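Enquirer: Quick check, what structure comes out for this input:
(one chain, ligands or ions: 1)
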Amino acid sequence: MSEICKNWTEWLKKNRFAGQTPEMVEQTTRWLEAVRDVILVYAEIKPYDVVLDIGTGTGLLAFKALEMQDCKGKVIFSDKFQDCLDDCKKILDEAGITTGYEMIQCPCEHIALPESSVHKALMRSVLVHIVNKQPAVSEVYRVLKPGGKFCAFEPIIRSNTRYWEILDPVYVEKYEDFKKVENELMDNPLDSLCNFDESTLKTNLEIAGFSIPDVRVQAVQSKYVVQPNMVKEWFVNPPSPDQPSTRERFLKYFDEQTVDKYMQDVQNYLTGREIQLKSNAVFINATK
Ligand SMILES: C[S@@+](CC[C@H](N)C(=O)[O-])C[C@H]1O[C@@H](n2cnc3c(N)ncnc32)[C@H](O)[C@@H]1O
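Expert: Residues are numbered from 1 along each chain as shown. Here you go, the predicted structure:
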């Protein structure tokens, strides 16, 4: 686990907002709710459906599904990590909710449920943390009932704006060296964060058995003025509790002094500037 983030619950509650202004935190929260709502519209949840939230984290999808069912059906909170399930259970206990849900701790590559037992499988930003995505997608197919739906969202990080695209080589030492390394990092087939895109996901779904899965790309452009503390946070915050930060990734190629000088140059160049970033993601809507 990372030194600055002890587990997934902490990452979801704190680290994912690191460096954001209160206004940006609010925007991110609204955006997460909007993504959740699209997944749930796709899922067409019925009152007595068995709904499985895979990699539930802090329960973004599961809590809303539970609310939609009015606790009449069954929502299964599942995650590889117990801290996430404990956090969700605490919220349910505090709200006095005792029925309509179940908790299962398991990795999504081995879901602890029988074949054909679930009407709807939901997922948001989980495959992006798994190096080999095929076993996970095939496992989702296995647990779905015939006619059951898999509705998900995953960010396509390899098509995001890269640092070198928003920098000026005149103001950043070793710009070309860092550009080369950044591109190399994005092409690493063993890095779960960037070893896939919409077409590989579509192939994963088809191999699993989903016929004509709908994999829809959403391209988002965001624009904001870089604040003094943001650049450091981008570099030192890990993308998950168990993965290296961007700074740590660069340290595999350059010494500490060189990486810290690069971070300083990036910070000096970007602070106070308005930047425009592109980020792609996909919505999956697939039926067994
Ligand atoms: C980015 S969080 C997303 C959480 C939640 N789905 C949401 O939308 O807020 C990724 C989640 O995937 C879980 N996770 C990571 N690897 C997993 C695996 N192999 N199987 C199941 N869950 C996993 C983590 O514990 C974490 O809760």
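
Enquirer: ok, the closest residue to Asp197 other than its chain neighbours - contacts?
Expert: Of all residues not flanking Asp197 in the chain, Ile156 sits nearest, at 5.2 Å (C-beta to C-beta, 6 or more residues apart in numbering). From N, CA and C alone the C-beta is placed, and that goes for glycine too. Counting by C-beta atoms under 8 Å, 6 or more residues apart in numbering, Ile156 touches Phe196, Asp197, Glu198, Val217, Ser279, Asn280, Ala281, Val282.

Enquirer: Show me which pair in these is furthest apart.
Expert: Using C-beta to C-beta, the contacts of Ile156 reach their maximum pairwise distance at Phe196 and Ser279, which is 14.8 Å.

Enquirer: The two: which is more packed in?
Expert: Counting neighbours by other C-beta atoms under 10 Å for Phe196 and for Ser279 shows that Phe196 has the greater number, 23 against 15.

Enquirer: Helix, strand, or coil at whatever residue of the stretch 51-200 of the chain ends up closest to the ligand?
Expert: Using C-beta to the nearest ligand atom, the closest approach of the stretch 51-200 of the chain to the ligand is made by Gly57 at 2.5 Å. Secondary structure, DSSP: H, G, I helix; E, B strand; the rest coil: Gly57 is coil.

Enquirer: Now do it against Gln267, distance only.
Expert: 30 Å (C-beta to C-beta, to the nearest Å).

Enquirer: now do Ile275
Expert: Distance from Ile275 to Gln267, by C-beta to C-beta: 13 Å.

Enquirer: for Val51, same thing?
Expert: Counting by C-beta to C-beta, the gap from Val51 to Gln267 is 44 Å.

Enquirer: Looking only at neighbour counts, state which of the two leads.
Expert: Val51 (28 against 17).

Enquirer: list the contacts for Tyr141?
Expert: So Tyr141 contacts Phe150, Ala208, Gly209, Phe210, Lys288 (C-beta under 8 Å, 6+ apart).

Enquirer: my read: the fourth one touches Asn285, true?
Expert: Okay, so that is Phe210. No. Judged on C-beta atoms under 8 Å, Phe210 makes no contact with Asn285 at a distance of 9.8 Å.

Enquirer: okay, these two: which has more neighbours?
Expert: Higher neighbour count among Phe210 and Asn285: Phe210, with 24 against 19, using other C-beta under 10 Å.

Enquirer: Would you mind giving the secondary structure of that one?
Expert: Applying three-state DSSP: Phe210 is coil.
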